[in-house]
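Student: need a structure here:
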Amino acid sequence: MASVDLARARGRVVSLALVRAVPVAAWLAGMVTLSAILRFALARRMTAPWIMVDELIYSELARGVASGAGFALRGESVGVGFGAVYPLLISPAYLLDSLTDAYGAVKAINALLISLAAVPAYLLARRLVSAPLALVVAALSLAVPSLFYAGTIMTENAFYPVFLTAVLVLVRVLERPTPLRVVLLLAMAGVAFLTRAQAVALLPAMLTAPLLLAAWRGRWRALADYRWLYGGLAAAGVVVLAAAALRAGSPASLLGAYRATGTYDYRAVEVARWLLYHLGELDLYVGVAPFAALLLLVLGARALPHAAQALVAAAVAVSIWLVLEVATFATIPWVQRVEERNVFYLAPLFFAALAFCVEHGVPRPRVLAALVGSVAVALPAFVPYPRLIGVSAISDTLALLPLWRLAELWRFPLERIWVAVVVGGAVLVALLLLLPRRALIVLPLLVLALYGLAVQPIDARMGAMSEGALFQGLRAQHRDWIDRAAGADADVAVLWTARTDALTVFENELFNRSAGRVYYLDAAVPGGLPQRHVGIDRRDGVLRGDDGEPLSSPYLLTDDSLPFEGRVVARDELKGMRLVRNRGPARVSGVTEGVYDDLWSKPSFTYRGFRCEGGTLRARLGSDPATFSRPQRVVAFVNGRAAARTRVPADVEETILRVPLRARDDGVCLVRFRVLDTAVPGPEDRRRLGVRVLGLERLTRAG
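Tutor: Now for the predicted structure:
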């Protein structure tokens, strides 16, 4: 037995020697490369952008940068209100001719960007542990579920490595606050803010971390060492606030597109509740044991080496302020969910704490350690899983997706998910507290295994959302069907009539360069992006803006709910979208009033034809046997006189009514339809309905 143990010991020594023989830079380069390849392979499974309107925003901004137009949305300049760093980084992809190819190139850039987080994660961990365990921390940082965002056009891909780099510089400043390091920290904080506005949480963290160090070291006078940090923050704050005041007159303008969040009336009780939810979910996200490990390091912070104290102080300060910021944001009525994708950047800090416990053992005494471990086990129990597990979790709270799948497979009630979470967390924390130090390496491996099990549920849910978005928005054979018909350099106006899903606008914009300004008739396109209102001029059918100017683009992309004049040059038949080549201003040949969006009419409805020279109106009418048991009588009046009539049987797919048209002096043909047999469907639909208007087509005399 002794010889076997000796052989095993020699084997471990040889393996460790082989690991150390390879330069750390080579290990990191290999890890980043492998991660980028794997993440790109998974990202390719997403067929279209689906986190709207965020993905559309960053795609448009990057297109503007690549074209030389700067930061613009739908042709309108927006400055850097949405963040400048990420669009700049992905803009080279939009130099490609096809936006379909550009979409694939963006995912390749994303996979590399987000994988680069391994480098600052490793360097942070090296403040606490040896190189091999720091590489384990880097590996864990690349295994977190949020790297699935590589398949989306989202700022998370850039913010992950940028944020960790900023924290690394903060740790270096805490170790030795030289003027050069302070300047570098302020610069990195600025880059982080220009990537995501939530990086504003770094500012209070910079102020708080030195206070933690002074408390742990019992040397409050040592705060004088950080005079360059506090002075630099004060000077930077004055400059930034003065610039904001000169430009927009309000500090809230610093938040750019998110400035509305600075005016909401937040309530302390609600913030505290969502703070508890976010802490519990973050605890679950990192695998409970790393969360407990950081709490244990805080408990024993006084006994840690100075370098370790600096990292723990930065980790605690940054975590508290970032989670508090995100939890506060979550209380806004239109949010009300755990925003895991805004806090997952903290995970490597918890992994580094776990690595410290693996290398140096768990801080004692055991009673306090057990108490701290109990807190880590209990926190996830407060997360309201039944409320949060749903469609919104697919984009925002990825750690819940494996639990969702678990509940489906085992038919486990969502109300009892917390039991499984607490039991699993208790096992992990028990291993952390009870295993001998040389066996604690099993914990990072278990966390890696849990992340591996999470891949399939997350990949399946995200892939389904991506396919669903494409299905709802674009069904043409080619996603760039508009560019193919009109040319990528064409000027195509997009008109939304609210008769189709808003994704028919977004997806076509994302994959077609020619899709330009967006217009709407009645309701604006959801998302709050630049768009213009137009109305139909009742004199001639021309679409005009609020300033009276006609919509004059050579091409118009719209649905088939309105009879536009011009030649249809391409169609997405399955979505009812068409590309019309205009002859002059965009113009409809006629409008219908008194018909609901579901094609049911009111008891009377009207057709108004413009530039009419007579001819015939061909009306396709239908009914429904579930509502009408007898044929419905319909009479058409032209110039006040009955001109045609028909009966619409309920059991016939459609009935054709032909109405002779007579033009008035102003060139308008007016037809009023009256339905003599109407009904109210029931208590759930109290409308009084006429017939279903399946289509109205004006035929010329020749036709």
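Student: C-alpha only now, for contacts and for neighbours.
Tutor: Fine.
Student: Now stretch 608-625: buried residues?
Tutor: Burial within stretch 608-625, assessed by neighbour count using 16 or more other CA atoms under 10 Å, is assigned to 608-624.
Student: OK, contacts around residue 343?
Tutor: Counting by CA atoms under 8 Å, 6 or more residues apart in numbering, residue 343 touches 282, 322, 323, 326.
Student: Could you list which of the residues you listed belong to helices?
Tutor: With DSSP state H as the criterion, helices contain 282, 322, 323, 326 from among those.
Student: Got the confidence number for the second one?
Tutor: Looking back up the chat, that one is residue 322. On the pLDDT scale, residue 322 is placed at 97.
Student: Was I right to think it contacts residue 204?
Tutor: No - at 9.5 Å, residue 322 and residue 204 do not qualify as touching, with contact defined as CA atoms under 8 Å.
Student: Please say which of the two ends up with more neighbours.
Tutor: Ranked by neighbour count (other CA atoms under 10 Å), residue 322 and residue 204 place residue 322 first, with 23 against 15.
Student: Roughly how far does the closest residue to that one other than its chain neighbours sit from residue 450?
Tutor: Counting by CA to CA, 6 or more residues apart in numbering, residue 322 lies nearest to residue 201, which is 5.3 Å off, once chain neighbours are set aside. Distance from residue 201 to residue 450, counting by CA to CA, to the nearest Å: 30 Å.
Student: Which one's more surrounded, those two?
Tutor: Taking neighbours as other CA under 10 Å, residue 201 and residue 450 compare with residue 201 leading, 21 against 16.
Student: Okay, and residue 698 sits in which element?
Tutor: strand 692-699 (DSSP states H and E).
Student: what comes up buried for that strand?
Tutor: Within strand 692-699, the residues that count as buried by 16+ other CA under 10 Å are 692, 693, 694, 695, 696, 698.
Student: how about those residues in JSON lines, adding distance to residue 110 and pLDDT?
Tutor: Shown next, in JSON lines, are those (distance: CA to CA, whole Å; pLDDT from 0 to 100):
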{"residue": "692", "distance to residue 110": "49", "pLDDT": "96"}
{"residue": "693", "distance to residue 110": "48", "pLDDT": "94"}
{"residue": "694", "distance to residue 110": "46", "pLDDT": "91"}
{"residue": "695", "distance to residue 110": "47", "pLDDT": "87"}
{"residue": "696", "distance to residue 110": "49", "pLDDT": "89"}
{"residue": "698", "distance to residue 110": "52", "pLDDT": "89"}
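Student: shaky segments in the protein?
Tutor: The chain contains residues with pLDDT under 70 at 1-19, 244-245, 247-263, 701-703.
Student: Check which element follows the top helix by length along it along the chain.
Tutor: Looking across the chain with DSSP H, the single longest helix is helix 442-473. For helix 442-473, the following helix or strand on the C-terminal side (DSSP H and E) is helix 481-486.
Student: now for that next one, which elements pack on it?
Tutor: Under the contact criterion of 3 or more CA pairs under 8 Å, 6 or more residues apart in numbering; DSSP states H and E, helix 481-486 touches strand 567-572.
Student: Just checking: what are the partner strands of the strand it packs on?
Tutor: strand 577-581 (antiparallel) (DSSP bridges).
Student: The residue nearest to residue 659 when sequence neighbours are not counted pairs with what?
Tutor: Nearest residue to residue 659, sequence neighbours excluded (CA to CA, 6+ apart): residue 617, at 5.0 Å. Residue 617 forms beta bridges with residue 659, residue 698, as assigned by DSSP bridges.
Student: So residue 617 sits against residue 698, correct?
Tutor: Yes - Residue 617 lies in contact with residue 698 (CA under 8 Å); the separation is 4.5 Å.
Student: then stretch 165-182 to PDB, C-alphas only?
Tutor: Extracted in PDB, the C-alpha atoms of stretch 165-182 (Å, rounded to 0.1, in the frame of the first residue of the first chain):
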ATOM      1  CA  THR A 165     -10.300  44.600 -15.900                       C
ATOM      2  CA  ALA A 166     -11.600  47.700 -14.100                       C
ATOM      3  CA  VAL A 167     -11.900  45.600 -10.900                       C
ATOM      4  CA  LEU A 168      -8.300  44.300 -11.400                       C
ATOM      5  CA  VAL A 169      -7.000  47.900 -11.600                       C
ATOM      6  CA  LEU A 170      -9.000  48.800  -8.500                       C
ATOM      7  CA  VAL A 171      -7.300  46.000  -6.600                       C
ATOM      8  CA  ARG A 172      -3.900  47.300  -7.800                       C
ATOM      9  CA  VAL A 173      -4.800  50.800  -6.600                       C
ATOM     10  CA  LEU A 174      -5.900  49.400  -3.200                       C
ATOM     11  CA  GLU A 175      -2.500  47.600  -2.900                       C
ATOM     12  CA  ARG A 176      -0.500  50.700  -3.900                       C
ATOM     13  CA  PRO A 177      -2.500  53.900  -4.800                       C
ATOM     14  CA  THR A 178       0.100  55.700  -7.000                       C
ATOM     15  CA  PRO A 179      -1.100  58.600  -9.200                       C
ATOM     16  CA  LEU A 180      -0.500  56.600 -12.400                       C
ATOM     17  CA  ARG A 181      -2.600  53.700 -11.100                       C
ATOM     18  CA  VAL A 182      -5.400  56.100 -10.100                       C
END
